[in-house]
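Colleague: Sharing a model that was predicted from the sequence below.
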Amino acid sequence: MENLKEIKPIADFNWDEFEKGEVACSASRQEQEAAYDGTLNNVKDQEIVIGTVTKIGKREVLVNIGFKSEGAINSAEFRYNPELQVGDKVEVFIESQEDKKGQLVLSHRQARVARSWDRINEALEKDEVVRGYVKCRTKGGMIVDIFGIEAFLPGSQIDVRPIRDYDAYVDKTMEFKIVKINQDFKNVVVSHKILIEAELEAQKAEIISKLEKGQVLEGVVKNITSYGAFIDLGGIDGLVHITDLSWGRVSHPSEVVSLDQKLNVVILEFDEAKKRIALGIKQLQPHPWDSLDPNLKVGDKIKGKVVVLADYGAFIEVAPGVEGLVHISEMSWTQHVRSAQELLKVGDEVEAVILSLDREERKMSLGLKQLKEDPWENIDKRFPIGSRHTAKVRNFTNFGVFVEIEEGIDGLVHISDLSWTKKIKHPNEFTEVGAPLEIVVLEIDKENRRLSLGHKQLEENPWNAFEADYRVGTIHEGTIREFVEKGAVISLPEGIEAFATPKHLVKADGTQAVKGETLPFKVIEFNKDSRRIIVSHSRTFEDEAKAEARASERAERADRQARHQDASAAVAATNAATEKATLGDLDALAALKEKLS
């Protein structure tokens with residue numbers, strides 16, 4: 001615009017004629033526009049230029065960049081500079097040389113952002129320390145103003161110690177290092193912790209070089225986790241594992257220590273290369289086993305509290321820091337305990353008997369069932385072999401029925417001992433849970449605490465009588481009860497069952513017998529030991545036909561033999577006659593010979 005002031009007006013220009021349109025221009029319009037354009041700066045969209053503030057209003061600030069018109073910028077973009085005055089030089093970003101209204105569109109904020117991004121990228125490349133202003137809190141960290149750009153400071157990158165009060169850092173100016181830039185999303189991540197860590201590394205190396213196992217130091221609880229507590233030893237951290245907090249059981253470290261608590265710790269182990277230090281607190285106190293009553297011995301009764309339950313047993317604390325294990329096998333004489341949770345719960349006060357005590361190894365095993373008399377001790381007197389009892393069905397298995405003949409005393413009735421005659425596939429076909437069942441004691445195994453019981457033994461073995469009644473070859477009327485995989489089950493008189501294969505179920509007319517059909521069956525196999533009878537319907541008519549065929553064959557054979565004998569006699573007679581005639585001729589020849597001689 002300053003260049004326009006240097007153009008001198010034509011002195012003798014007649015404005016009246018110009019208004020009437022009677023004055024011709026001395027130069028063409030194109031020449032005039034070219035002369036005008038030559039007085040303007042050559043600017044391009046999307047570039048940063050220096051402009052001069054020409055006017056400051058409440059809403060807008062006018063800036064002259066030497067173009068056709070001045071650009072208007074929202075006053076909010078200059079809030080950071082309350083001392084802005086007319087004539088100040090400022091950087092502006094040309095968004096557009098001409099909008100829909102023909103106005104120049106400028107932005108001071110975008111110019112600052114562009115310059116700031118260059119500065120931030122430079123700081124990341126050169127690993128520079130920059131200063132920033134903490135504006136506010138946000139989820140997971142803080143928002144920091146760096147060169148006019150909002151950067152994210154994660155909570156974990158504020159300090160080497162966990163931060164519990166984020167608000168204490170708001171409105172503070174601090175030093176940071178830029179650790180990450182996402183150019184696509186224009187995100188910047190900064191860290192203050194990295195500056196502190198650099199200073200601490202030198203301190204850590206010096207502290208670790210002076211550490212010794214067994215050394216006792218004072219520290220402050222810095223952080224508490226589920227597996228232990230981190231202790232600040234004055235520039236370096238060590239971990240007290242949950243098992244090293246107390247001689248007693250600890251569910252969570254917060255039961256023993258609290259944040260910012262000062263305490264003494266002992267160094268158990270340290271790794272100078274990895275800068276890891278293992279600390280202990282309980283090691284500073286005498287072991288509870290050392291103060292255990294010296295008069296305690298195996299067989300004594302002792303009281304305690306259940307502190308831990310596992311499937312294999314329960315840990316009983318008999319004194320602070322002293323525990324004994326009650327294995328599930330030592331909980332009950334009679335019950336089948338699958339898990340300690342079935343009988344006990346954490347916090348229960350119990351009495352137990354000491355089964356083993358090793359003070360050197362600091363181990364103790366306890367028993368609960370030893371407080372009562374062993375019911376299996378005289379089991380053979382109370383339930384002798386051959387005695388009969390009424391038991392209660394407890395549960396089934398594929399191989400038999402478990403019954404309870406006395407509270408806590410169970411026995412097994414094998415599926416083969418339920419019935420003499422019935423073929424039982426599963427015990428639930430014979431009885432049901434909770435039902436009474438008459439039993440006989442068959443066998444007692446005191447060592448393994450097992451009783452073998454029987455139900456069918458209540459009656460005499462009917463197979464002794466069946467051996468005569470159902471001998472091989474006898475025929476009985478039977479009903480096809482059901483078909484199974486390899487044949488059919490046949491119900492015979494007296495409740496006995498037999499088996500027939502499909503080929504023995506073919507009737508005389510060639511058809512197959514069906515379920516529920518009653519037919520005559522012949523016994524073709526009988527085994528008393530395995531209680532098995534094999535029968536056949538087909539044999540009832542096949543054997544008769546075979547017998548008739550055999551009789552006919554025998555008659556025919558006898559007839560052939562008789563005819564053969566008759567023929568043999570005739571031949572013999574003929575041979576005799578022939579032989580006689582031959583001998584007579586011989587005699588005549590002999591007489592003639594004598595005469596001739």
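Modeller: Thanks, I have it. Here the structure is a predicted model, which is why all the values come from computation and not from measurement.
Colleague: Quick one: the helices in the chain, in order.
Modeller: 15-20, 29-37, 108-126, 193-208, 379-382, 463-469, 538-596 (DSSP state H).
Colleague: any idea of the mean pLDDT in the shortest one?
Modeller: Model confidence over helix 379-382 averages 82 on the pLDDT scale.
Colleague: Next: the last one.
Modeller: Throughout helix 538-596, pLDDT has a mean value of 67.
Colleague: What is the least confident helix or strand in the chain?
Modeller: Least confident helix or strand of the chain, by mean pLDDT, DSSP states H and E, is helix 29-37 with a mean of 51.
Colleague: Give me the residue at the spatial middle of the protein.
Modeller: Nearest to the mean C-alpha position of the chain, counting by C-alpha atoms, centre = their mean, stands Asp311 at 18.3 Å.
Colleague: What confidence value was assigned to it?
Modeller: Note on Asp311: pLDDT of 86.
Colleague: can you tell me which residues contact it?
Modeller: 328, 338-341 (C-beta atoms under 8 Å, 6 or more residues apart in numbering). For every residue, glycine as well, the C-beta is placed using N, CA and C.
Colleague: one more time with 7 Å
Modeller: Counting by C-beta atoms under 7 Å, 6 or more residues apart in numbering, Asp311 touches 339-340.
Colleague: what's the nearest residue to Lys262 if we skip its chain neighbours?
Modeller: Closest residue to Lys262 apart from its sequence neighbours, by C-beta to C-beta, 6 or more residues apart in numbering: Val220 at 5.5 Å.
Colleague: Next, work out how far apart the one you found and Gly238 are.
Modeller: 11 Å (C-beta to C-beta, to the nearest Å).
Colleague: How about Glu477?
Modeller: If you go by C-beta to C-beta, the gap between Glu477 and Gly238 works out to 93 Å.
Colleague: More neighbours: which of those two?
Modeller: Shown here are Glu477 and Gly238; by other C-beta atoms under 10 Å, Gly238 has more neighbours (25 against 12).
Colleague: Look up the residues forming beta bridges with the more buried one.
Modeller: Taking DSSP bridges as the rule, Gly238 bridges to Ile231.
Colleague: what number of residues lie near Ile163?
Modeller: 15.
Colleague: sorry, back to before: distance of the residue nearest to the centre of the chain from Arg338?
Modeller: 8 Å.
Colleague: where do the contact lists of these two overlap?
Modeller: Joint contacts of Asp311 and Arg338 (C-beta under 7 Å, 6+ apart) do not exist.
Colleague: before we move on, back to that, identify the residues contacting the residue nearest to Lys262.
Modeller: Contacts of Val220 (C-beta under 7 Å, 6+ apart): 231-232, 260, 262.
Colleague: Please identify which pair of those residues lies farthest apart.
Modeller: Pairwise distances among those were taken by C-beta to C-beta; the largest, 11.3 Å, belongs to Ile231 and Asp260.
Colleague: of the two, who's got more company?
Modeller: Using other C-beta under 10 Å as the criterion, Ile231 and Asp260 rank with Ile231 on top: 26 against 10.
Colleague: what about the residue nearest to Asn428 when sequence neighbours are not counted, distance to Leu200?
Modeller: Nearest non-adjacent residue to Asn428, counting by C-beta to C-beta, 6+ apart: Phe396, 5.6 Å away. Applying C-beta to C-beta, the value for Phe396 to Leu200 is 69 Å.
Colleague: same check, this time on Ser536
Modeller: From Ser536 to Leu200 the distance is 97 Å (C-beta to C-beta).
Colleague: Show me which of these two is the more surrounded one.
Modeller: Ser536 (23 against 16).
Colleague: Excluding chain neighbours, give the residue nearest to that one in space.
Modeller: Nearest to Ser536 is His504, by C-beta to C-beta, 6+ apart, at 3.5 Å.
Colleague: what does Arg359 give?
Modeller: Nearest to Arg359 is Trp289, by C-beta to C-beta, 6+ apart, at 6.6 Å.
Colleague: what about the chain, any weak spots by pLDDT?
Modeller: Applying pLDDT under 70 to the chain picks out residues 1-46, 80, 102, 202, 272-275, 464-465, 548, 551-552, 555, 566-597.
Colleague: which neighbours do Ile231 and Asp260 share?
Modeller: In contact with both Ile231 and Asp260: 220-221, using C-beta under 7 Å, 6+ apart.
Colleague: Surely Ser254 touches Ile224?
Modeller: Yes: Ser254 is within contact range of Ile224, at 5.6 Å (criterion: C-beta atoms under 7 Å).
Colleague: Compare the two and say which is more crowded by neighbours.
Modeller: Ile224 (19 against 14).
Colleague: quick revisit: is the residue nearest to Asn428 bridged to anything, and to what?
Modeller: Where Phe396 sits in a bridge, its partners, by DSSP bridges, are Val401.
Colleague: And for it, the neighbour number?
Modeller: Using other C-beta under 10 Å: Phe396 sits among 17 other residues.
Colleague: So it versus Val484, what's the distance?
Modeller: On the measure of C-beta to C-beta, Phe396 and Val484 end up 21 Å apart.
Colleague: Quick check: the residue nearest to Lys262 vs Asp410, distance?
Modeller: For Val220 relative to Asp410 (C-beta to C-beta), the value is 60 Å.
Colleague: now swap in Thr243 and tell me
Modeller: 41 Å.
Colleague: And those two? Which one has more around it.
Modeller: Asp410 (21 against 13).
Colleague: so what's the more buried one up against?
Modeller: 394, 402-404.
Colleague: residues contacting Val90?
Modeller: Counted by C-beta under 7 Å, 6+ apart, Val90 has contacts 51, 53, 63, 108.
Colleague: Likewise for Leu233?
Modeller: Leu233 neighbours (C-beta under 7 Å, 6+ apart): 207, 217, 219.
Colleague: Just name the closest of these to Tyr166, please.
Modeller: Tyr166 has its nearest neighbour among these in Gly219, at 25.0 Å by C-beta to C-beta.
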